[in-house]
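J.: Predicted model and sequence follow; I will ask about them next.
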Amino acid sequence: MTSKWAAGAMSLTVAYFAYHAFAGQQGLGAWTDKQAELAKKKAHLTRLEAENAALQKDIARLIPGQVDPDLVEFLARRDLGFVYPGELVLLDSAGNNAEMHN
């Protein structure tokens, strides 16, 4: 009789650990979810690093004494909405992303 109880307890113990190995909070299912989340975070990090590199490049172009006049003009047009006299400004349907034509 004891061996049946021991075998039953052992079976329940194995079933418990097998369930949690696959479906528990730290199981295989959670691991695959974490791997997918990690891939998304790495892609986001790559985009942020590229954006940071572009900003660093723009900063280098704005160092006093070495200012790039084309960049200053671009920033004034984009951020401040400056246009030259006689230019025609066309707005898209959303009201942003203006295009300037002479």
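T.: Right, received. Where do you want to start? Residues are numbered from 1 along each chain as shown.

J.: Now do the residue most central in space within the chain against Leu38, distance only.
T.: Centroid check for the chain by CA atoms, centre = their mean gives His44 as the closest residue, at 2.5 Å. For His44, the distance to Leu38 equals 11 Å [CB to CB, to the nearest Å]. All C-beta atoms are positioned from the backbone trio N, CA, C, and that covers glycine.

J.: got it, and Met10?
T.: 36 Å.

J.: same deal with Val72?
T.: For Val72, the distance to Leu38 (CB to CB) stands at 41 Å.

J.: all strands of this protein, in order?
T.: Under the criterion DSSP state E, the chain carries strands at the ranges 88-90, 99-101.

J.: mean pLDDT for those strands: which is lowest?
T.: Of all those, mean pLDDT reaches its minimum on strand 99-101 (a mean of 53).

J.: If you count contacts, what does the longest helix along the chain end up packed against?
T.: In the chain, taking DSSP state H as the definition, the longest helix is helix 28-61. Here helix 28-61 touches helix 2-23, going by 3 or more CB pairs under 8 Å, 6 or more residues apart in numbering; DSSP states H and E.
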